[in-house]
Every structure is written in structure tokens, then in C-alpha cells.
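J.: how would this look folded up:
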Amino acid sequence: DALGRIAAVVVGAYEREDDWPEKVRAAVTGLLAFVEHEPAVGTFVFVGALRAGPKVLARRMEAVEQVMSAFEDGIDEAGGVDETEVNECSPLTAEGAVNGVVGILHTRILEGSTSLLGELLNPLTAMIVAGYLGRAAAANELSRPAPDLPRSPEMLWMLGAAGASNGAGALNGAGAPGGL
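T.: Just a heads-up that it's a prediction; the model follows:
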């Protein structure tokens, strides 16, 4: 399914990294690269799915909840940069971060700006880490050079390959290059 294809790339990229902020950055990179490379799939997932019926909406909600859970688990495992600050997060931090990314992508797709999504890498990553690690971590993400996003299906598959080989395929129904 379309959501599973995106999830394979995002989860695989996330799992390839060890440090939590790098996990987030890798996941955002994979997401943006996928939507840039396959704008029709991105349009369906981030715009059309809202009108696609209860089964598709339920699957979309499930995917959002899985991403929120991964963020929470990842930050718990990492312990954060400042344990006190991480412990003071709102229980809505993950939900706000994930839905913020979803909403921004929804808007960019409606505007027809999918060829410029790479410009969102640093701001989106900063937005996510700020809620957990504070303003200094967000400023660090904003100041990083933004790499070029992967452009080919092979590069997208490589981003997601860790997820497919580590069991993410069971999570999202994808797991072979032919699925992309």
C-alpha cells in the first residue's frame, strides 16, 4: 500500500541511525525524498487519504500513532541531551510534532511545492527536536547544511532497507525493492 511504501523508507532510515536527533533527521530526509520522488503517492497519503474512507483513514491514523510511538521510545532510549528537559515534555509533544509535519506536507502538496521539499529538512527536524531537546538543539538543526535529497528509487530503497530487514516490513507491509 502507499502508506506502507512511505513507512518502509521512513522507518528504515530512522532505524539506521543510533543518535536520536540523527534518527529524526534521517526519517525526515527519507519522507521528503520519497514525496519528492513520488509526488502522486505523497498526494494520496497526505491529501487524498483524508477523503478516502474509513479504512484508509484508520490506516493513516495507525501510521501516525506508530511514528509518535517511535519518537517517544527513541527519546526515552537516548535519554536526551538534558534529562530534565526531556522529562518535562508535554504528553502531546510527539502528536504535535508528527501532525505538524503532516500538516506542513499537506499544505506544500496543495501548493504544488513538492519539488522544493528538501528545503524543509532542517526546519522540520528542528521543529521535532525542539519539543524534546530544547532551543539549542533546534538551532543546531537549523544551522546544519541541508544535503541533497536522494533522487532515485535505488537510493530510497537503501534508506528504507534497514527497516525492511529489521522487521519494519511487518509493521508496514513493504519490504522489497519492487514495492517502491
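J.: Relative to residue 137, how far out is residue 111?
T.: Relative to residue 137, residue 111 is positioned 29 Å away (criterion: CB to CB, to the nearest Å). Bear in mind the C-beta positions are built from the backbone N, C-alpha and C, glycine included.
J.: quick one, which of these two is more surrounded?
T.: Between residue 111 and residue 137, residue 137 has the larger neighbour count (other CB atoms under 10 Å), namely 22 against 9.
J.: quick one: buried residues of the strand or helix carrying the more buried one?
T.: Here residue 137, judged by DSSP states H and E, is contained in helix 135-143. With burial defined by 16 or more other CB atoms under 10 Å, the residues of helix 135-143 counted as buried are 137-138, 140-141.
J.: And the helices in the protein, which stretches?
T.: With DSSP state H applied, the chain shows helices at 2-16, 20-37, 39-46, 54-78, 83-87, 93-111, 121-133, 135-143, 153-165, 168-172, listed in chain order.
J.: before we move on, the earlier item: turn the buried residues of helix 135-143 into a markdown table, columns for pLDDT.
T.: Putting the buried residues of helix 135-143 into a markdown table (pLDDT from 0 to 100) gives the following:
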| residue | pLDDT |
| --- | --- |
| 137 | 89 |
| 138 | 93 |
| 140 | 94 |
| 141 | 95 |
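J.: what's the span of stretch 40-56 from first residue to last?
T.: 16 Å (CA to CA, to the nearest Å).
J.: what is the mean pLDDT for that stretch?
T.: Stretch 40-56 comes out with an average pLDDT of 87.
J.: Also stretch 74-90?
T.: Confidence for stretch 74-90, expressed as mean pLDDT, is 60.
J.: circling back to that earlier point, show me what the helix holding residue 137 is in contact with.
T.: Judged by CB atoms under 8 Å, 6 or more residues apart in numbering, the contacts made with helix 135-143 from elsewhere in the structure are 21, 25, 81, 122-123, 125-127, 129-130.
J.: repeat for stretch 104-120
T.: Here stretch 104-120 has contacts from 28, 31-33, 35-36, 39, 42-43, 46-47, 124, 146, 148-149, using CB under 8 Å, 6+ apart.
J.: Equivalent analysis for stretch 20-32, please.
T.: Under CB under 8 Å, 6+ apart, the answer for stretch 20-32 is 6, 9-17, 67, 71, 74-75, 77-78, 80, 101, 105, 117-118, 120-121, 124-125, 128-129, 132-133, 137, 141, 147, 149-150, 156, 159-160.
J.: Just flag the most distant two among the contacts of stretch 104-120.
T.: Spanning the widest gap among the contacts of stretch 104-120 are 47 and 148, at 25.3 Å by CB to CB.
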